[in-house]
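> Output the structure for:
(chains A, B, C and D)
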There are 2 protein chains.
Amino acid sequence: MPPASKGHLDRHNKPVVIDLNAAIVRVADGSPEILAVRPSGTEDDDPVAWDALPFGPFDPLKHRTMDIGLRSWVQEQTQLSLGYVEQLYTFGDRGRHALEVLDEIEHIVSVGYLALTRGGGERDGALWRSWYQYFPWEDWRDGKPAIIDRVIMPLLKEWAARKPDPASDELSRGRRADRVQFIFGTDGGNWDEETVLERYELLYEAGLVREAARDGRSNAIALGRSTDPQLGLPMQHDHRRILATAMSRLRAKLKYRPVVFELMDDTFTLYELQCTSEALLGLHVHKQNFRRLVEKAGLVEKTGRMSTRTGGRPAELFRFRREVFSERPAPGLKLAPSRTRANT
Amino acid sequence: MPPASKGHLDRHNKPVVIDLNAAIVRVADGSPEILAVRPSGTEDDDPVAWDALPFGPFDPLKHRTMDIGLRSWVQEQTQLSLGYVEQLYTFGDRGRHALEVLDEIEHIVSVGYLALTRGGGERDGALWRSWYQYFPWEDWRDGKPAIIDRVIMPLLKEWAARKPDPASDELSRGRRADRVQFIFGTDGGNWDEETVLERYELLYEAGLVREAARDGRSNAIALGRSTDPQLGLPMQHDHRRILATAMSRLRAKLKYRPVVFELMDDTFTLYELQCTSEALLGLHVHKQNFRRLVEKAGLVEKTGRMSTRTGGRPAELFRFRREVFSERPAPGLKLAPSRTRANT
DNA sequence: CTACTTTTGCTCATTTTGAGCAAAAGACCG
DNA sequence: CGGTCTTTTGCTCAAAATGAGCAAAAGTAG
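Take a look at the predicted model:
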């Protein structure tokens, strides 16, 4: 990615740019992946060596809208064709309270985007990485992730017991404990897969993610270097926060808009569709009910062809019914996670 | 509002500013109102005389985040204290394809915000206006608004029958008709109150709102001057689009987050709560079911006091239970509009 | 031909939703 | 003071949606 070389000048004569950051998502064999930019440096604890989301400057003179600008440089830099694109959030401060000492230019505005693709072309310096590498606590498909009880909860409880900085307008100790219990202390039944962002922000506040230490948060718990348990891979700037926002939004949207299909091939079996949905949600759903839902909602239609790659009884191949857009107001998968252990 | 006097310079030496626009909402006796800025000019068809949303520049050197910046100038200019504040969307082009000939400065980025308040201080030049003055077709509380069948549908059908500009990547005639029928041609049963933005954008595309003509849309239907039926009051720049976004977001949010209470007094009767919700949704809901919902969700608690202002049996006064934040993941009112005529 | 795997069709209890009936508790009015 | 009117409040009930399990169908692998 060109390091935002050209741009406007502010009154201190520093370049001012509007950066468009994209969380580009695909699903490859059961894993939701995002396109990450891997800097050439290799020192693992050096913030510039952390992964970044692909980003590019927005030039209002070249592109009419930001959406168009985004599509343009993504197309240019990767050979990816983006399907669905959605704006997420605009931050005025890239690295929060950060000093950003390593950033020679002063960014002013960074706009986060979610984009869905079926995958394809990449470039060097970029790689597809499971988003659960950045958020290991978000994948509940094999039950509650061990990292929660083994690492996260103990550290969060320690943080909740500490006295909050009286200077900040922050929660009292009791409220801290409540919040921790509420957000992470769940045993599956009441896990809310949509609140990815809230969980990340809690960890940031508690100083448990690397970015917090980088930004000089006072209460950052001193996690030692590479030997210590990392709470997921860190990212440059606020990119991990943008990714969290993208995950939240996508997990929510799944339930009321037919966006999964942007990630599927033209034809697919219902089980493939289910696996993709589950990968995104980080949860298992009840198989028979999933089919009932999808078919009753009229989201798919049979192609007549069969898939034999299943290993068991061959599965019918389906395709997405585009007509739903003009039929129903809010088509989507109102997925309900199964309470019992996986029923696949 | 200071007309964005200071700011950054772009490479053409025109001021570049980041504008924060706020749709500030309150509900006053059954009417959802927004704070509108009324320019001094009075020529009704002059774009600068149209209403505007209050806005102010964002100065990244003065305020750490845009949210803080917004709160700051709102506080400064009005005496309003904002409760809930939420970022909506960021546009790179203020007036879309607009020429913006009347705007001597080139705005680059405009960020839309939704803010809720209980009302209070105003300033001169600003007034509270029902948002249904801008969107008369969105209030279904007294049945389907007459303007839809009398004005909107005929004009939209005419538009759908016209040949789309082959240059644009636009929908075919058949799809146009489908879309019109789908979005506006409903008879109450399948009216989706959340798609305010989609409806406004359709009217804009079809050239039926003043802003379309101002922006020089090719297919803008020449609505005569003041005698012609206006499809709601127009607004400056893209402010009406921002307002539509705010309405969509608020109507949706109502159902899964306890945001209504930001608009209520400390204590209220359940019927007052219902009326506020209905005002926002532009729909009537079933009274008994509304109470069941609210109480079962544990959103409120009795105060013991009574309200006698009802005219009938006195109503219990309730207050919002703040504890829900730490109890349930997604508290809100999953309101279902009543199919039958009002049952109040 | 037999075991195994996966798809697919169906049932069933429980909950949620949409809608209506009627008693309770005040104000208003003669 | 008794009757009428209005609104709140409590309750019932059918229909639909949801969560979960059973079992036949149709292949593959040995």
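
> For stretch A:240-258, C-alpha coordinates in CSV please.
In CSV, the C-alpha atoms belonging to stretch A:240-258 read as follows (Å, rounded to 0.1, in the frame of the first residue of the first chain):
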residue,chain,number,x,y,z
ARG,A,240,-8.1,-4.4,15.0
ARG,A,241,-10.9,-2.2,16.2
ILE,A,242,-12.1,-1.7,12.7
LEU,A,243,-11.9,-5.5,12.2
ALA,A,244,-14.0,-6.0,15.4
THR,A,245,-16.5,-3.5,14.0
ALA,A,246,-16.6,-5.4,10.8
MET,A,247,-17.2,-8.7,12.5
SER,A,248,-20.0,-7.3,14.7
ARG,A,249,-21.7,-5.8,11.7
LEU,A,250,-21.4,-8.9,9.5
ARG,A,251,-22.6,-11.2,12.2
ALA,A,252,-25.6,-9.0,12.8
LYS,A,253,-26.4,-8.4,9.2
LEU,A,254,-26.4,-12.1,8.4
LYS,A,255,-29.7,-12.4,10.2
TYR,A,256,-31.6,-9.8,8.2
ARG,A,257,-30.0,-9.5,4.9
PRO,A,258,-28.9,-12.2,2.4
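
> Let me see the mean pLDDT of that stretch.
The average pLDDT within stretch A:240-258 is 96.

> just stretch A:286-293 next, same as before
96.

> Just the buried positions in it, please.
A:H286, A:F290, A:L293 (16 or more other Cβ atoms under 10 Å in any protein chain shown). From N, CA and C alone the C-beta is placed, and that goes for glycine too.

> what's the answer for stretch A:126-135, then?
Buried-residue list, stretch A:126-135, by 16+ other Cβ under 10 Å: A:A126, A:W128, A:R129, A:S130, A:W131, A:Y132, A:Q133, A:Y134, A:F135.

> mind giving me TSV with these and columns for secondary structure, distance to B:W191 and pLDDT?
Output for these, formatted as TSV (DSSP: H, G, I helix; E, B strand; the rest coil; distance: Cβ to Cβ, whole Å; pLDDT from 0 to 100):
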residue	secondary structure	distance to B:W191	pLDDT
A:A126	strand	45	88
A:W128	strand	42	94
A:R129	strand	43	95
A:S130	strand	42	97
A:W131	helix	37	98
A:Y132	helix	40	98
A:Q133	helix	44	97
A:Y134	coil	41	97
A:F135	coil	39	98
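
> mind listing the strands in the stretch 51-200 of chain A by residue range?
For the stretch 51-200 of chain A, strands defined by DSSP state E, counting those that start in this stretch occupy the ranges A:55-57, A:85-91, A:109-116, A:126-130.

> ok and the longest one relative to strand A:85-91, angle-wise?
Computed by axes from the mean of the first three to the mean of the last three Cα atoms, to 10 degrees, the angle separating strand A:109-116 from strand A:85-91 equals 150 degrees.

> Isn't A:D51 up against A:Q236?
Yes. Counting by Cβ atoms under 8 Å, A:D51 does reach A:Q236; the two are 7.0 Å apart.

> Could you find the closest non-adjacent residue to A:R176?
A:A160 (4.1 Å; Cβ to Cβ, 6 or more residues apart in numbering or on different chains).
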